[in-house]
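Q: Sequence and predicted structure, then a few things I'm wondering about:
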Amino acid sequence: MTSKDYKGGKIIILSKPFDSRSKVLNLFYFILFFTAAAIFLRILLVDDPNLGAAIAATIGIIVFFIAAYRFANKAVLTEKIFVAENNIEIIKQGLFKITKQQFEKSKISDFRHLAKTPITKHPLAGETFDYLGFQTEQQVINEMYGENRLAFDYDGKTIRFGDNIYSWDFEEIKIVIFS
């Protein structure tokens, strides 16, 4: 997390492309699905398939390219907060899309940090050694999909944003936004 002065306010950069393990893993998934789509495209264009194989290859190409795009977008996602005198703006920027949400500071309540839930022991993990990898898988899932996000209430809705925001960064962000 970095903060700097910017055009009549401050900008807080919450995330950058490839700045976490989950984003690097999303890049790997992008490569995997893009390669699968390219293989289906090669089957369709070079191998002269029959009608059923051509339809299956076309569906495979579409599905794998959509999945590859979604993983690439997650890998390069940038999230920023622009803090002006009376409002804040949350900016999410992907490959081809920029989403901006603007909120008045006076209507924001209960600004909070959503901490990750503690890792619980998987019921099938071994007592001394995790022979089958259940506990390891549980830790990976918690790392990728756990909270560690920011949230606040605005006009009766809970707004959640940011990924992998730690509690000490939350304190700094709160000071910058509400000072």
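A: Nice, I can see it. Because the structure is a prediction, the values reported are computed rather than measured.

Q: what residues are up against residue 2?
A: Contact analysis of residue 2 by Cβ atoms under 8 Å, 6 or more residues apart in numbering lists 12-13. (C-beta placed from N, C-alpha, C; glycine too.)

Q: Quick check: phi and psi at it.
A: phi -130, psi 150 (degrees, to the nearest 10).

Q: so what's it bridging to?
A: On the basis of DSSP bridges, residue 2 is bridged to residue 13.

Q: Please report how far it lies from residue 33.
A: Per Cβ to Cβ, to the nearest Å, residue 2 is found 31 Å from residue 33.

Q: Could you report the distance from residue 139 to residue 25?
A: From residue 139 over to residue 25 the distance is 14 Å, taken as Cβ to Cβ.

Q: Just name the shakiest helix or strand of the protein by mean pLDDT.
A: helix 134-145 (a mean of 66; mean pLDDT, DSSP states H and E).

Q: in the helix or strand just after that helix, what counts as buried?
A: Where DSSP states H and E defines the elements, the next helix or strand beyond helix 134-145 is strand 149-154. Neighbour counts using 16 or more other Cβ atoms under 10 Å place 149-152, 154 of strand 149-154 among the buried residues.

Q: Please verify my assumption that residue 174 contacts residue 108.
A: No - with contact defined as Cβ atoms under 8 Å, residue 174 and residue 108 do not form a contacting pair (10.8 Å).

Q: Since that was my last question, I'll sign off now.
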